[in-house]
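K.L.:
Please work out how this folds:
(chains A and B)
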Protein chains: 2
Amino acid sequence: MRNGDATTIDVPATSADAKGKAPAGAAPIVATTKATKYAKGGWRRGMAIFDFILRLGAIGATLGATATMGTTEQTLPFFTQFFQFQASYDDMPTFTFFVIANAIASGYLFLSLPFSIFTIVRPHAVGARLLLLILDTAMLAMTTAAAAAAAAIVYLAHDGNSSANWNAICQQFTDFCQQASSAVVASFIAVVVFMLLIVMSALAMRKH
Amino acid sequence: MRNGDATTIDVPATSADAKGKAPAGAAPIVATTKATKYAKGGWRRGMAIFDFILRLGAIGATLGATATMGTTEQTLPFFTQFFQFQASYDDMPTFTFFVIANAIASGYLFLSLPFSIFTIVRPHAVGARLLLLILDTAMLAMTTAAAAAAAAIVYLAHDGNSSANWNAICQQFTDFCQQASSAVVASFIAVVVFMLLIVMSALAMRKH
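P.N.:
Here you go, the predicted model:
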């Protein structure tokens, strides 16, 4: 009754108190059982709460990446040797894939929140954690692929490649490149969070 | 004794036979216990064997990707408008990263084989599987990043990009592009294997 998390385990102590005939020797035993049970459930529950917080952070990162890349657009105020004077994210198929993949990842993360809450309520549930682990693994691969592909293009836009005769467009489209780079960084943050989520799910699922 | 895998579990039945006074009613009970125990250990052991086979396949895929990309080189027999008439994988920083990442992944997979064998010998070991799962997750991210970044560059080499004024070099360097594409496909096979390995480790680790 002193701790809201351990209500069910407190029940024997409460009934003993109500009867008013709890033996002095019984108290430490009850306390020990309660502490062990609480520590086990609490460890898994703490992990489930951290899982929930990480998912909220990952939603922020993927939504930020989607929005930043999706609004990446720059019109140059002067004439250059280029045919086009406007650069948009959908000029690059890789950036389009990046926006779609990050939007899917943020949608998945939002839908996974109820399952994460379920593991907080029932820290010993294995099925929900296994489902989340499998889907998290798929999403890790998708988000990493999107972030790495966009990073390769952003790198090329910054430095160009003399062998292939691809010139660095970032000298003209500075804002475009900065915004795309920010989106890539946000997406890589989501990748790290997905890796943490997978390892934490596995830790919480393992038998002793 | 009939089955080499279930030696330790056969012991009670054997001792009962040796005493020659096993009651008729006891036989089904022993058989049931043995079957359950064997099914549990065998299920995890079968998964560990499959894990080992998958790792061998992934070694082949990553080694193949490394070797294919590492030998990607083409000298053109005729003059074009390009400054360079030779294309090599190390002209592209992304392809260099691809070769290094796949080499690291194949090295890791080779070093992980003893741990995989350990989980075959001891199907209920959790520590080894947890270690493999954490490292597999890291390697999944690295291999996916390498494969996706190389795929983005190969795509660009095939199709070019008119907005950025990057031309398709694959029209000249056909062999170069074909070899790079094969390496990317091999690397994506390794990505799928890593995803399977992670999910299988989690399945084998979970408590009932």
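
K.L.:
When you work out contacts or count neighbours from here on, use the C-alpha atoms and nothing else.
P.N.:
Fine.

K.L.:
Now the residue nearest the centre of chain A: closest residue in space that isn't a chain neighbour?
P.N.:
With distances taken as Cα atoms, centre = their mean, residue A:58 lies nearest the centre of chain A, 3.3 Å away. Across the structure, with Cα to Cα, 6 or more residues apart in numbering or on different chains as the measure, the residue nearest residue A:58 apart from its sequence neighbours is residue A:190 (5.1 Å).

K.L.:
related to what we said a few turns ago, if I've got this straight, the residue nearest to the centre of chain A is in a helix?
P.N.:
Yes: under the criterion used here (DSSP: H, G, I helix; E, B strand; the rest coil), residue A:58 sits inside a helix.

K.L.:
Quick one: work out the angle between the helix or strand containing residue A:144 and helix B:127-159.
P.N.:
With elements delineated by DSSP states H and E, residue A:144 resides in helix A:127-159, which encompasses its position. The directions of helix A:127-159 and helix B:127-159 differ by 40 degrees, with axes from the mean of the first three to the mean of the last three Cα atoms, to 10 degrees as the criterion.

K.L.:
what's downstream of the helix or strand containing residue A:46, the next helix or strand?
P.N.:
Taking DSSP H and E as the definition, residue A:46 sits inside helix A:26-70. Moving toward the C-terminus from helix A:26-70, the next helix or strand (DSSP H and E) is strand A:73-75.

K.L.:
which helices and strands does that next one pack with?
P.N.:
On a contact count with 3 or more Cα pairs under 8 Å, 6 or more residues apart in numbering or on different chains; DSSP states H and E, strand A:73-75 meets strand A:86-88, helix A:174-205.

K.L.:
quick one: is the helix or strand where residue A:104 lies near chain B?
P.N.:
Take DSSP H and E as the rule and residue A:104 turns out to sit in helix A:93-121. Yes: applying Cα under 8 Å from any Cα of the partner chain, one finds helix A:93-121 touching chain B at residue A:94.

K.L.:
helices and strands around that helix, which ones?
P.N.:
Checked by 3+ Cα pairs under 8 Å, 6+ apart, helix A:93-121 has helix A:26-70, helix A:127-159 packed alongside it.

K.L.:
Could you dump the ones you listed into CSV with mean pLDDT added?
P.N.:
Putting those into CSV (pLDDT from 0 to 100) gives the following:
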stretch, mean pLDDT
helix A:26-70, 77
helix A:127-159, 94
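
K.L.:
of all the ones you listed, which gets the most neighbours per residue?
P.N.:
When neighbours are counted by mean count of other Cα atoms under 10 Å in any protein chain shown, the highest per-stretch mean among the helices and strands packed on helix A:93-121 falls to helix A:127-159, a mean of 23.

K.L.:
how big is the angle separating that one from helix A:93-121?
P.N.:
Note on geometry: by the same axes, to 10 degrees, helix A:127-159 and helix A:93-121 are set 150 degrees apart in direction.

K.L.:
For helix A:127-159, enumerate the helices and strands it packs against.
P.N.:
In terms of contacts (3+ Cα pairs under 8 Å, 6+ apart), helix A:127-159 is packed against helix A:93-121, helix A:174-205, helix B:127-159, helix B:174-205.

K.L.:
Turn those into JSON lines, including distance to residue A:162.
P.N.:
Converted to JSON lines, the helices and strands packed on helix A:127-159 look like this (distance: least, Cα to Cα, whole Å):
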{"stretch": "helix A:93-121", "distance to residue A:162": "21"}
{"stretch": "helix A:174-205", "distance to residue A:162": "19"}
{"stretch": "helix B:127-159", "distance to residue A:162": "13"}
{"stretch": "helix B:174-205", "distance to residue A:162": "17"}
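
K.L.:
hang on, residue A:68 packs against residue A:183?
P.N.:
Yes: with contact defined as Cα atoms under 8 Å, residue A:68 counts as touching residue A:183 (5.6 Å).

K.L.:
hmm, back to that, quick check: the gap between the residue nearest to residue A:58 and residue B:91.
P.N.:
For residue A:190, the distance to residue B:91 (Cα to Cα, to the nearest Å) stands at 30 Å.

K.L.:
same question, residue A:183
P.N.:
If you measure residue A:183 against residue B:91 using Cα to Cα, the figure is 26 Å.

K.L.:
The two: which has the busier surroundings?
P.N.:
Counting neighbours by other Cα atoms under 10 Å in any protein chain shown for residue A:183 and for residue B:91 shows that residue A:183 has the greater number, 30 against 15.

K.L.:
Hmm, the more buried one is touching residue A:70, no?
P.N.:
No: with contacts defined as Cα under 8 Å, residue A:183 does not count as touching residue A:70, sitting 9.2 Å away.

K.L.:
What is the neighbour count of residue A:177?
P.N.:
23.

K.L.:
ugh, wrong one, I meant residue A:105
P.N.:
Neighbours of residue A:105 using other Cα under 10 Å come to 26.

K.L.:
so what's it up against?
P.N.:
Residue A:105 makes contact with A:59, A:62, A:139, A:143 under the criterion Cα atoms under 8 Å, 6 or more residues apart in numbering or on different chains.

K.L.:
Residue A:130 now?
P.N.:
Under the criterion of Cα under 8 Å, 6+ apart, the contact partners of residue A:130 comprise A:201, A:205, B:202-203.

K.L.:
repeat that for 10 Å
P.N.:
For residue A:130, the residues meeting the contact criterion (Cα atoms under 10 Å, 6 or more residues apart in numbering or on different chains) are A:136, A:198, A:201-202, A:205, B:199, B:202-203, B:206.

K.L.:
Then residue A:63?
P.N.:
A:57, A:69, A:99, A:102-107, A:183, A:186-187, A:190.

K.L.:
Save the residues you listed as CSV, and put in distance to residue B:149 too.
P.N.:
Converted to CSV, the contacts of residue A:63 look like this (distance: Cα to Cα, whole Å):
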residue, distance to residue B:149
A:57, 25
A:69, 17
A:99, 16
A:102, 16
A:103, 20
A:104, 20
A:105, 19
A:106, 22
A:107, 24
A:183, 16
A:186, 17
A:187, 14
A:190, 17
